[in-house]
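Visitor: only geometry, no sequence info:
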Ligand code: GUN
Ligand code: ZN
């Protein structure tokens, strides 16, 4: 359909692999005067503007984004949709924060009208910040999952999510049962997984709020639907770990619980992974499970420092995420900045080429979705953002002295936020303000 053909002109940056250092130009492609040709929601050509132009139909609509950068849409691999009104709550550490703020807020999602209204604001915030794909926990109410995916469908976004399964240690109004959580998750999965761009994630909250029977149900569901993701939390906070070990005294350790119920594998996303023992590292590697780093949340809740070098040194796949509302910002740029500081404290600071890889192709690889998202490669979905490293006065001042792409990326990471996102294209459609 030529009517929908779009030609986006700007400076293109897309990653192929994780840059090994500042000079690893083989890890990415950068086109100074580049363009993307988009048709029917897909990138059909990319490269030098003059060359891509020859492939475009005469009626293609050209949008000139020079001198800005065009990157793949940012990916947030761990966020809580029902915590849009929990973010910025003054609380003690994890378990108190959950009981005092999070569980009360999540109860409101029994009401579909509430969920639908919050979904609008939630997606507005993602798109304003250049996030085109997120992996979210919904509440334990099936209504909240419908609200979440209906809004994703409305905006044409590739979103992953699922009903939080929780059958103990929470208010009655949030608790399901092992059987009802299985039945409801299965029905939601059958309704939403693979419908348009949406993907279902089996979502037991964490071991504290699940009985063994419920984790068994989650394992059964995952086994029946191996194409789905599984997401949960692990080793975030010392009090959480102590209570978990009391509830599951038979397990070898925290990860051993999830291992015993068959919850681990290459589509398993484990939030936090801060306090891991050596055995757990080995099991993570052997199962291909992903460790998800949530820097703003880990600092805000005082949880601890994610040890990226230790995890990756053990051969474990990693991803990075906001974890709103334990996390304090929807922006993946702010998240990369805080992540940099967490790693800097441990003498593990990373180069901006590596961090921008992480938030795009790296997170897409962690989700096993890089055939669709995370790059600007032809044939993939046209989720593209336009970034301006001089968006604010302090940024513009610093930009005067920037000489290299790496410096520009580091400026975007350190000072950037939603103001640096000029536009967010979802499947080729401009959606930042819409
Ligand atoms: N562990 C269990 N539930 C949660 C949650 O909602 N947020 C965070 N950060 N950790 C959790
Ligand atoms: Zn979380």
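Guide: Ah, there it is. Quantities reported herein were computed from a predicted structural model and do not represent experimental measurements. Ligands and ions are numbered 1, 2, ... in the order given.

Visitor: residue 228 against residue 198, yeah?
Guide: No. Applying C-beta atoms under 8 Å as the test, residue 228 and residue 198 come out as separate, 11.2 Å apart. Where C-beta positions appear, they are placed from N, C-alpha and C, glycine not excepted.

Visitor: return every residue with contacts to both of those two.
Guide: Listed contacts common to residue 228 and residue 198 are nil; contacts here mean C-beta atoms under 8 Å, 6 or more residues apart in numbering.

Visitor: residues in contact with the residue in the stretch 301-434 of the chain positioned nearest to ligand 2?
Guide: Nearest residue of the stretch 301-434 of the chain to ligand 2: residue 323, at 4.6 Å (C-beta to the ion). Applying C-beta under 8 Å, 6+ apart, we find residue 323 in contact with 78, 79, 80, 271, 294, 296, 297.

Visitor: any residues touching stretch 398-414, and which ones?
Guide: The contact list for stretch 398-414 (C-beta under 8 Å, 6+ apart) reads 13, 22, 30, 69, 333, 336-337, 340, 351-353, 355-356, 387, 389-390, 395, 415, 420.

Visitor: if you set the cut-off to 7 Å instead, what comes out?
Guide: With C-beta atoms under 7 Å, 6 or more residues apart in numbering as the test, stretch 398-414 has contacts from 22, 30, 333, 336-337, 340, 351-353, 355-356, 387, 389-390, 395, 415, 420.

Visitor: and stretch 306-313, by the same measure?
Guide: 273, 274, 281, 291, 293, 295, 298, 318, 342, 343, 346, 348.

Visitor: over to stretch 124-133?
Guide: Against stretch 124-133 from outside (C-beta under 7 Å, 6+ apart): 73-76, 134, 157-159, 330-332, 373, 383, 385, 418, 421, 424, 426, 431-432.

Visitor: repeat that for stretch 344-358.
Guide: Stretch 344-358 has contacts (C-beta under 7 Å, 6+ apart) with 15, 18-19, 21-22, 27-28, 305, 307-309, 320, 336, 339-340, 343, 406, 409-410, 413.

Visitor: what do you get if the cut-off is 8 Å, keeping everything else the same?
Guide: Under C-beta under 8 Å, 6+ apart, the answer for stretch 344-358 is 13, 15, 17-19, 21-22, 24, 27-28, 71, 305, 307-309, 318-320, 336, 339-340, 343, 406, 409-410, 412-413.

Visitor: can you tell me which of these end up in helices?
Guide: If you go by DSSP state H, these have 308, 309, 336, 339, 340, 343, 406, 409, 410, 412, 413 in helices.

Visitor: how about residue 37, secondary structure?
Guide: For residue 37, the assignment made with DSSP: H, G, I helix; E, B strand; the rest coil gives strand.

Visitor: is any residue of the helix or strand hosting residue 255 near ligand 1?
Guide: Using DSSP states H and E, residue 255 sits in helix 254-260. No. In terms of C-beta under 6 Å from any ligand atom, no part of helix 254-260 sits within range of ligand 1; the closest distance is 11.9 Å.

Visitor: and the average pLDDT for that helix is what?
Guide: What helix 254-260 shows for mean pLDDT is 99.

Visitor: just checking, next helix/strand downstream of that helix?
Guide: strand 268-272.

Visitor: what's the single longest helix in this protein?
Guide: For the chain, the helix with the greatest residue count under DSSP H is helix 112-128.

Visitor: where's that one relative to the chain centroid, distance-wise?
Guide: 16 Å (C-alpha atoms, centre = their mean, to the nearest Å).

Visitor: try stretch 146-162
Guide: Relative to its parent chain, stretch 146-162 has a centroid offset of 14 Å by C-alpha atoms, centre = their mean.

Visitor: again with stretch 165-174
Guide: 25 Å.

Visitor: one more: stretch 391-406?
Guide: Remark: stretch 391-406 is offset 27 Å from the chain centroid, using C-alpha atoms, centre = their mean.

Visitor: model confidence over that stretch, on average?
Guide: Averaged over stretch 391-406, pLDDT sits at 98.

Visitor: again with stretch 63-71
Guide: On average, stretch 63-71 scores 98.

Visitor: what's that stretch in contact with?
Guide: Outside stretch 63-71, the residues that touch it by C-beta under 8 Å, 6+ apart are 6-14, 33-34, 36, 356, 360, 376, 384-389, 408, 412, 422-423.

Visitor: in strands only, show me those.
Guide: Judged by DSSP state E, the subset of the contacts of stretch 63-71 located in strands is 6-14, 33-34, 36, 384-387, 422-423.

Visitor: list the buried residues of the one helix or strand residue 244 maps to.
Guide: Assigned by DSSP H and E, residue 244 belongs to helix 238-247. Residues 240, 241, 244, 247 are the ones in helix 238-247 that count as buried (16 or more other C-beta atoms under 10 Å).
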